[in-house]
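In: model the structure of this input:
(one chain, ligands or ions: 1)
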Amino acid sequence: MSARFDVVVIGGGIQGVGVAQAAAVRGYSTLLLEQEDLAAGTSSRSSKLIHGGLRYLESRQFGLVRESLRERETLLKIAAPLVERKAFYIPVYAHSRRSPARIAAGLLLYRALAHGPHGGFQRLAPRDWDKLDGLKTAGLKAVFRYYDAQTDDAALTRAVARSAQEFGAEIRIGARFIGAERVGPRYEVRFVSAGSVTSCSAQALVNATGPWVGQVLSRILPGPPRLRHDLVQGAHIITPGTLHEGLYYTEAPRDGRAVFVMPWRGRILTGTTETAYVGDPAFSAATRDEIAYLQEVLTSYFPDLSPTVEDSFAGLRVLPRTPQGFSARAREAVLLADGPVPRLISIFGGKLTAYRHTADEVMGRFKGVLPERAARGDTRRLILSVP
Ligand SMILES: Cc1cc2nc3c(=O)[nH]c(=O)nc-3n(C[C@H](O)[C@H](O)[C@H](O)COP(=O)(O)OP(=O)(O)OC[C@H]3O[C@@H](n4cnc5c(N)ncnc54)[C@H](O)[C@@H]3O)c2cc1C
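Out: Okay, here's the model as predicted:
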């Protein structure tokens, strides 16, 4: 007979390890299958921000921003020093699409939605502009400073995985899910590990495979409901130099999109883009056009910095399909169940910042399906350790 688990999670990105932790802490026997390595997918290719997402105010995603700001505060407490509060600067030029008044209004709303004492922002005096890492001052009308947080996304993913293991979750790296079939109240799950096909059974199955979510759903029987979605590539470039003051929130000269210029491991990280992607998620990589677009952003704000690309990477967002453009689409995670009494939940999209909240929601959906167990902790308070 195959091994029996309460919960089997497919995917070792931030969402998968988050669910594994939430399940294990609730006392459930948990197995996580990851085909390659922890954070091998999008969770090592994000912009590495733990933030409410100031720009989501423009698309009126107030609930998402409020929830993410709450999670930011939680992560600053439980994941220090992996999650660090940082100053963010927004320069506004004569040619900027957003006026100083509009930015100030956005920051006021951001502050109102924030929990705790750290929502403040300032408008810098012009005499301080020269201290901003060589930011172009010609045509500059205003600079705002506010505070959000930065992390190492892959390290955060590994820290959450370790926490899940401490509560008994089994994490199998190099274990590729190949199919599952509903048999009575359970799913029989097959995966390949160390060259052989192995099986196990789950009372609850979670598809947390990020951009592979659709591929994985197509291997589950009987065919569960599907959600039409797009894969949207976001690229980053790494260039020489450092930024001492903080992170810069800029508008791309070509199209006015928000692009961040950030300090990262003694280098500068600039991103991101939004390019429709079709094909195998494993091959996502920055295109020449994306690289040129990001170099243009960097040099138009920091003319003295070198645009020489030392490295680049790209990740894929999963955005449920709607008539809106990519930027305006909801960034909240969408949970798709196999029926009214769910045994399978697939996670579409979501944010690194909100992984803990998403995991709680997933486990909440299994309430009444999984037997009651005594909880052994609360993920809002469990300290995530860095080795
Ligand atoms: C460019 C970009 C920038 C972003 N920036 C931010 C940001 O700054 N802040 C923020 O909060 N959010 C950000 N996000 C969102 C965030 O990064 C993602 O929501 C999150 O990383 C997705 O995690 P995931 O676990 O769903 O997917 P992934 O990290 O892609 O994990 C899926 C995992 O499933 C595994 N897998 C796939 N198929 C199988 C299989 N058959 N068997 C076993 N394993 C399998 C893969 O190997 C992979 O490791 C960004 C997203 C993008 C694309």
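
In: now the longest helix belonging to the chain: buried residues?
Out: Secondary structure of the chain read by DSSP state H shows that its longest helix is helix 62-78. Going by neighbour count (16 or more other C-beta atoms under 10 Å), the buried part of helix 62-78 is 64-76, 78. (C-beta placed from N, C-alpha, C; glycine too.)

In: so what secondary structure elements neighbour that helix?
Out: Judged by 3 or more C-beta pairs under 8 Å, 6 or more residues apart in numbering; DSSP states H and E, helix 62-78 is in contact with strand 49-50, strand 83-93, helix 100-113, strand 140-151, helix 355-365.

In: neighbouring contacts of that helix?
Out: Contacting residues not belonging to helix 62-78 are listed as 50-54, 56-57, 83-85, 110, 113-116, 118-119, 148-149, 151, 330-332, 351, 353-357, 380-384 [C-beta atoms under 8 Å, 6 or more residues apart in numbering].

In: again, 6 Å this time
Out: Residues from elsewhere that reach helix 62-78, judged by C-beta atoms under 6 Å, 6 or more residues apart in numbering: 50, 52-53, 56, 83, 113-116, 149, 331-332, 353-354, 357, 380, 383-384.

In: any of those buried? List them.
Out: Buried among the contacts of helix 62-78 by 16+ other C-beta under 10 Å: 50, 52-53, 56, 83, 113-114, 149, 331-332, 353-354, 357, 384.

In: in a markdown table, list these along with pLDDT and distance to the ligand.
Out: Shown next, in a markdown table, are the buried ones among the contacts of helix 62-78 (pLDDT from 0 to 100; distance: C-beta to the nearest ligand atom, whole Å):
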| residue | pLDDT | distance to the ligand |
| --- | --- | --- |
| Ile50 | 97 | 6 |
| Gly52 | 91 | 9 |
| Gly53 | 89 | 7 |
| Tyr56 | 87 | 11 |
| Val83 | 97 | 11 |
| Leu113 | 92 | 16 |
| Ala114 | 91 | 15 |
| Ala149 | 97 | 10 |
| Arg331 | 81 | 8 |
| Glu332 | 85 | 10 |
| Thr353 | 97 | 3 |
| Ala354 | 97 | 7 |
| His357 | 97 | 11 |
| Leu384 | 97 | 16 |
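
In: on that earlier part again, got the angle for the longest helix of the chain vs strand 83-93?
Out: 130 degrees (axes from the mean of the first three to the mean of the last three C-alpha atoms, to 10 degrees).

In: sketch out the low-pLDDT regions of the protein for me.
Out: Low-confidence regions of the chain, defined by pLDDT under 70, span residues 1, 115-119.

In: which parts of it sit against the ligand?
Out: 10-16, 33-36, 40-43, 46-49, 176-177, 208-212, 216, 234, 272, 315-317, 347, 350-353 (C-beta under 6 Å from any ligand atom).

In: from those residues, which ones fall inside strands?
Out: 10, 33-34, 49, 176-177, 234, 315-317, 347 (DSSP state E).

In: wait, Arg26 sits on Ala374?
Out: No - judged on C-beta atoms under 6 Å, Arg26 makes no contact with Ala374 at a distance of 8.7 Å.

In: which of the two has more residues huddled nearby?
Out: Using other C-beta atoms under 10 Å, the more surrounded residue of Arg26 and Ala374 is Arg26, with 24 against 6.

In: list the contacts of the more buried one.
Out: Neighbouring residues of Arg26 by C-beta under 6 Å, 6+ apart: 373, 375.

In: ok, now how distant is it from Arg381?
Out: 14 Å (C-beta to C-beta, to the nearest Å).

In: where do the helices sit along the chain?
Out: 14-25, 62-78, 100-113, 153-166, 213-217, 288-301, 355-365.

In: how far does stretch 183-196 stretch from start to finish?
Out: Criterion C-alpha to C-alpha, to the nearest Å; first-to-last residue distance in stretch 183-196 is 22 Å.

In: over to stretch 239-257?
Out: 20 Å.

In: before we move on, what about stretch 322-335?
Out: 16 Å.

In: which positions within that stretch qualify as buried?
Out: Those would be 326-327, 329-335, for stretch 322-335 by 16+ other C-beta under 10 Å.

In: turn those into CSV, including distance to Pro100.
Out: Output for the buried residues of stretch 322-335, formatted as CSV (distance: C-beta to C-beta, whole Å):
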residue, distance to Pro100
Phe326, 27
Ser327, 22
Arg329, 28
Ala330, 28
Arg331, 26
Glu332, 30
Ala333, 34
Val334, 36
Leu335, 39
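
In: closest to Arg98 among those residues?
Out: The nearest member of the buried residues of stretch 322-335 to Arg98, counting by C-beta to C-beta, is Ser327 at 13.6 Å.

In: let me see the contact set for Ser312.
Out: Residues near Ser312 by C-beta under 6 Å, 6+ apart: 237, 286, 291.

In: try 8 Å this time
Out: 235-238, 285-286, 291.

In: what do you get for Phe177?
Out: Here Phe177 is in contact with 10, 33, 35, 189-191, 209, 216, 219 (C-beta under 8 Å, 6+ apart).

In: can you turn the buried part of these into a PyMOL selection?
Out: In PyMOL, the members of these classed as buried (16+ other C-beta under 10 Å) are selected with the following command:
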select buried, resi 10+33+35+189+190+191+209+216
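
In: and of the contacts of Phe177, the nearest to Val341?
Out: Val189 (18.8 Å).

In: count of neighbours near the residue lying closest to the closest one once chain neighbours are set aside?
Out: Counting by C-beta to C-beta, 6 or more residues apart in numbering, Val189 lies nearest to Ala180, which is 4.6 Å off, once chain neighbours are set aside. Ala180 has 27 neighbours, counted by other C-beta under 10 Å.
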